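>>> I need the structure of the sequence given here:
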Amino acid sequence: MEAFRKKIKRNFVIYCILIAAFAACYILLQMFGGNNFGNRYISGFFSAAITVLIVNVVSIRKSLKNEKRLKEMYVRESDERLIMIMKETSKTTFYITLAGLGMAVMVASYFNIIVSCTLACVLGSIIFVYLITAVYYKKKM
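Purely as a prediction, here's the structure:
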């Protein structure tokens, strides 16, 4: 349980650092960015990220102060059934995403070659990351 508490504290610190970094980026964007659509889109991203991080920080802080809540959090995170559900969900989502991107590359090639090449690069990047992580976990386990 103490290792879990350390992990939660580490996440708390990381989330606080991210909040500060995103807030700084948001402020700089507001000061120097102008008012075009791209800047408003990025501002919305930073606002949403900051909001989610603040919710997580508040939740972690409450859990660290309340032993019962921390124990519930630990049980929820270490539940083997939920872990297997998440693994299967992730695997299925990954394959559906690959298939969807593959089809999008083919369809986009009929309309705009730049979009098609961009999607193909995204698809290749995803497959590359998958292969690297597969090699890592095969060596680790």
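
>>> Can you check the pLDDT for the most centrally placed residue in the chain?
Residue closest to the average C-alpha location in the chain (Cα atoms, centre = their mean): residue 49, at 10.2 Å. We have a pLDDT of 93 for residue 49.

>>> Same question for the one 4 residues further on.
Here the pLDDT value assigned to residue 53 is 95.

>>> What is the burial count for it?
Counted with other Cβ atoms under 10 Å, residues neighbouring residue 53 total 20. Backbone N, C-alpha and C define where each C-beta goes, glycine included.

>>> and it, which of the three is it?
helix (DSSP: H, G, I helix; E, B strand; the rest coil).

>>> how close does it get to residue 31?
21 Å (Cβ to Cβ, to the nearest Å).

>>> same deal with residue 17?
Taken as Cβ to Cβ, the span from residue 17 to residue 31 is 21 Å.
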